[in-house]
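*Asks:* Make a model of this:
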Amino acid sequence: ISDPLVRKMLGIVRELLSIEDLDELLRAGVELPRLHLGVERCALWLLNIDGEHFRGTWGTDIDGNTTDERLHSCSVSDLEKTLSKPFQSMEGWILRGDAQQTWTPEGNRIEGRGWNTIIPLTGPEGNVGAFFQDAAITNAPLDPHLQDLMTLYCSILGQLAARRLAEKREFFLSHGLEEVLVAADELMSYDDLDMLHRGIVELARKRLGVVRCGLFVADPARGETIYTGTWGTDWDGNTTDEHRGQIDIRNRDIELAKPGMTEVASRRWRVMQPFRMSWFEPDGTRIDNTKGWNALHPLAIQDRILGYLCSDPGKSGDALDPRKMELLSSYCDLAARILDRFQTQAGLREAMVAAEQATRAKSDFLAAMSHEIRTPMAGVLGMLRLAQKDRTMSGSTRALLGKALGNAESLLNILNDILDYSKIE
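*Replies:* Got it, this is the predicted structure:
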């Protein structure tokens, strides 16, 4: 405890304990050792939930400034090529030859020469991340005493990071189903199909923590495998108009056949990685960005697929979490039923409008015909009444005229009734 660096490290730990947000904890975990322990350059990467990939969090550029490395990733197998043992069996710091690297804001990696160490972040159930260090700014020599101290620091930081990760996941899952129901209730309030499509995308982001997603719906005119865009999400998380975009489900099988492409799938969702994350501009242009994973969630009613909700981690670099995928699938199941009900009601509304138009056309026809027939009928009645005034006709003829007049008046009454009926309709 008499070692000044140890006292400083304990002060850092106390500060880290007060940070509840995971991202703030990780950033402080990089910045505080530079500020208080004399660490020149460092970076912290976390192990994905699949256990096979690392994703970046925060690092240090060649000028000693903090850099956002959340878009970067690497496989555990690639890292282990520079180690003498499997990553999960690491217990202390390891010197990794003379290779150094720096990430630029544009995502380019700059290679350098000098010592480089890696220290595992140890959690309750194994290593949860890796802490990298070098002295690329001053080329200072390696200090074994500082590395021993940083090993202790990383074991504590690993416990804190694992706890915050578990809290974040459990909070999301415990509240996730409730958020799904709230989102579904809101979707049922829409009375416009296009707004419903937009709501499905935006509520997935707002309620379920989806970083980026887009909705593509079935278009019978384009075939069974082609789905038309509706609304999506750009790289900054804003809603985009993707009505001119489209996806062909067959292309995923083509992509899957490429070397290095893998698929994680369940009964209700499919994820491909590494997959180029993209979105569509309003003019239909597809914009491709960095590689990550891409999830495909069907909106289906039994065997009938109404559309697909595509999602990816965007610039957050979040790892694939199968539990979140299942929760999002539950949301898509409810959205599919709401969308199907809306389409059914829309069909009924169209049928009702068509029926009303047919009834109106019938009424208009009856009214017009009644008017057209009543005009000559009035002439017939007039002629019959004039003929009855002839005193020279025989009795039998007068009787026949009387019958003709009575029938004509009955027909006129029927025409008047038809005209009145059409007015009521």
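*Asks:* Can you tell me the element N289 falls in?
*Replies:* Taking DSSP states H and E as the definition, N289 sits inside strand 286-301.
*Asks:* burial measure for R198, as a count.
*Replies:* The number of residues packed near R198 is 18, by other Cβ atoms under 10 Å. All C-beta spots, glycine's among them, are computed from the backbone N, C-alpha and C.
*Asks:* pLDDT weak spots in the stretch 1-150 of the chain?
*Replies:* 1-2, 49-50, 97-113 (pLDDT under 70).
*Asks:* What is the host helix or strand of A358 packed up against?
*Replies:* Assessed by DSSP H and E, A358 sits inside helix 322-388. Packing partners of helix 322-388 (3 or more Cβ pairs under 8 Å, 6 or more residues apart in numbering; DSSP states H and E): helix 144-187, helix 193-208, strand 286-301, strand 304-312, helix 395-424.
*Asks:* can you redo the ones you listed as a markdown table with distance to R96?
*Replies:* Converted to a markdown table, these look like this (distance: least, Cβ to Cβ, whole Å):
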| stretch | distance to R96 |
| --- | --- |
| helix 144-187 | 12 |
| helix 193-208 | 39 |
| strand 286-301 | 25 |
| strand 304-312 | 31 |
| helix 395-424 | 91 |
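*Asks:* just the ones you listed: most buried one?
*Replies:* Burial of the helices and strands packed on helix 322-388 is given as mean neighbour count (mean count of other Cβ atoms under 10 Å); strand 304-312 ranks first at a mean of 21.
*Asks:* okay, the angle between that strand and helix 193-208?
*Replies:* Using axes from the mean of the first three to the mean of the last three Cα atoms, to 10 degrees, the direction of strand 304-312 lies 50 degrees away from that of helix 193-208.
*Asks:* Strand 304-312 pairs with which strands?
*Replies:* Strand 304-312 pairs in its sheet with strand 212-218 (antiparallel), strand 286-301 (antiparallel), by DSSP bridges.
*Asks:* Out of these, which is closest to K81?
*Replies:* Taking Cβ to Cβ, strand 286-301 is the member of the strands paired with strand 304-312 nearest to K81, at 20.2 Å.
*Asks:* how big is the angle separating that closest one from helix 322-388?
*Replies:* 70 degrees.
*Asks:* and E255, what is it in contact with?
*Replies:* Counting by Cβ atoms under 8 Å, 6 or more residues apart in numbering, E255 touches M261, M272, F275.
*Asks:* With V211 instead?
*Replies:* So V211 contacts R205, T233, G237, S311, D312, P313, G314, K315, S316, D318 (Cβ under 8 Å, 6+ apart).
*Asks:* Sort out which of these are buried, if you could.
*Replies:* R205, T233, S311, D312, P313, G314, K315, S316, D318 (16 or more other Cβ atoms under 10 Å).
*Asks:* From what I see, the second one and I200 are in contact.
*Replies:* No - look at T233 against I200 with Cβ atoms under 8 Å: they stay out of range, at 11.9 Å.
*Asks:* Serialize the buried ones among the contacts of V211 to CSV and add fields for pLDDT and distance to Q159.
*Replies:* Shown next, in CSV, are these (pLDDT from 0 to 100; distance: Cβ to Cβ, whole Å):
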residue, pLDDT, distance to Q159
R205, 93, 32
T233, 95, 35
S311, 95, 31
D312, 93, 30
P313, 90, 25
G314, 88, 29
K315, 79, 28
S316, 79, 24
D318, 78, 21
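*Asks:* Show me which of these is closest to D68.
*Replies:* Nearest member of these to D68, counting by Cβ to Cβ, is K315, at 8.6 Å.
*Asks:* Could you look up the SS state of that closest one?
*Replies:* Secondary structure, DSSP: H, G, I helix; E, B strand; the rest coil: K315 is helix.
*Asks:* so what's it up against?
*Replies:* So K315 contacts R70, L71, V211, W235 (Cβ under 8 Å, 6+ apart).
*Asks:* Same check on S84?
*Replies:* I94.
*Asks:* Show me what the spatially most central residue of the chain is bridged to.
*Replies:* When Cα atoms, centre = their mean is applied to the chain, the residue found nearest the centroid is C213 (2.6 Å). C213 has these beta-bridge partners by DSSP bridges: S311.
*Asks:* could you check the distance from it over to A399?
*Replies:* 88 Å (Cβ to Cβ, to the nearest Å).
*Asks:* And for A378?
*Replies:* Counting by Cβ to Cβ, the gap from A378 to A399 is 23 Å.
*Asks:* same deal with Y331?
*Replies:* Here the criterion is Cβ to Cβ. By it, Y331 lies 85 Å from A399.
*Asks:* ok, the residue nearest to the centre of the chain touching R207?
*Replies:* No - under the criterion of Cβ under 8 Å, C213 makes no contact with R207, lying 11.8 Å away.
*Asks:* where does the stretch 251-400 of the chain dip in pLDDT?
*Replies:* Looking at the stretch 251-400 of the chain by pLDDT under 70, you get 346-347, 366-367, 370-371.
*Asks:* switch to 50 and redo it
*Replies:* In the prediction, the stretch 251-400 of the chain carries no residues with pLDDT under 50.
*Asks:* what sits against the nearest residue to L22 once chain neighbours are set aside?
*Replies:* Sequence neighbours aside, R164 is the residue nearest to L22 in space, at 4.2 Å (criterion: Cβ to Cβ, 6 or more residues apart in numbering). Each residue near R164 by Cβ under 8 Å, 6+ apart is listed here: E20, D21, L22, L25.
*Asks:* do I249 as well
*Replies:* Taking Cβ under 8 Å, 6+ apart as the criterion, I249 is in contact with T225, I226, Y227, Y308.
*Asks:* Produce a PyMOL select command limited to the buried residues of those.
*Replies:* In PyMOL syntax, the buried subset of those is picked out as below (16+ other Cβ under 10 Å):
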select buried, resi 226+227+308
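*Asks:* Just the contacts of I249: which are in strands?
*Replies:* I226, Y227, Y308 (DSSP state E).
*Asks:* how about the residues you listed in TSV, adding distance to M325?
*Replies:* Shown next, in TSV, are the ones in strands among the contacts of I249 (distance: Cβ to Cβ, whole Å):
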residue	distance to M325
I226	24
Y227	19
Y308	14
